[in-house]
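**Student:** Let's see this in three dimensions:
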Amino acid sequence: MLTAIEAIYDRLKDDTTLTTMLASNKPFNDSRGTADGVNSILPMGIADGKTLKPFISIQDGVANLTGEKRLVSSTFYIRVYNSPDKTFVQINQIADRVVELIHLYDFNLEDGVHVETKFESALQSATDQAMNLNFRELRFAMLVL
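**Tutor:** Residues are numbered from 1 along each chain as shown. Below is the predicted model:
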């Protein structure tokens, strides 16, 4: 069993339809490793100017206790990035696949009992000014006991 962020990463990396939509990067923690689409699923803040596009970043967000029970609602974010000279069509196709893989998927967690994971929203098409890349951000909520 896994933590929520590990489970999300594993769900995404195990889908060859998704990984073939992504650029083939070397592992961020091993520059001698083999380039592959799986290595384009990164923790937020790891990508740099050398990261080939498109790629995905994952970030966990706020966790809130809901009600008086032990039900926790945790937010996490997935950004799909691409070069500024590309249209958002490819970003949207990748984002659609991410939603298809995660929305209502039954995760097996080690840090709690998974209740439900839902897609909540997608940020409008935007540009990350620090990296000069186009992106779309997806927000999900995971309920865990």
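**Student:** what about Ser40, how many neighbours?
**Tutor:** Neighbours of Ser40 under the rule other CB atoms under 10 Å: 26. Bear in mind the C-beta positions are built from the backbone N, C-alpha and C, glycine included.
**Student:** where does the closest residue to Thr66 other than its chain neighbours land in three-state SS?
**Tutor:** Distance criterion CB to CB, 6 or more residues apart in numbering; nearest residue to Thr66, sequence neighbours excluded, is Ser73 at 5.2 Å. Using DSSP: H, G, I helix; E, B strand; the rest coil, the structure places Ser73 in strand.
**Student:** show me the contacts for Ser73.
**Tutor:** Residues counted as contacts of Ser73 (CB atoms under 8 Å, 6 or more residues apart in numbering) are 63-64, 66, 141-143.
**Student:** Please repeat the previous calculation with a cut-off of 6 Å.
**Tutor:** By CB atoms under 6 Å, 6 or more residues apart in numbering, Ser73 lies in contact with 64, 66, 141, 143.
**Student:** Are we agreed that Ile5 is in a helix?
**Tutor:** Yes: judged by three-state DSSP, Ile5 forms part of a helix.
**Student:** So what's the residue count around it?
**Tutor:** With other CB under 10 Å as criterion, Ile5 counts 15.
**Student:** Which residue is the nearest non-sequential neighbour of it?
**Tutor:** Closest residue in space to Ile5, ignoring its immediate chain neighbours: Asp60 at 5.1 Å, by CB to CB, 6+ apart.
**Student:** Identify each buried residue in the helix or strand hosting that neighbour, please.
**Tutor:** Secondary structure assignment for Asp60, by DSSP states H and E: strand 55-65. For strand 55-65, the neighbour count (16 or more other CB atoms under 10 Å) marks 55-58, 60 as buried.
**Student:** With distance to Thr87 as extra columns, can I get these in TSV?
**Tutor:** Shown next, in TSV, are the buried residues of strand 55-65 (distance: CB to CB, whole Å):
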residue	distance to Thr87
Phe55	17
Ile56	18
Ser57	20
Ile58	24
Asp60	30
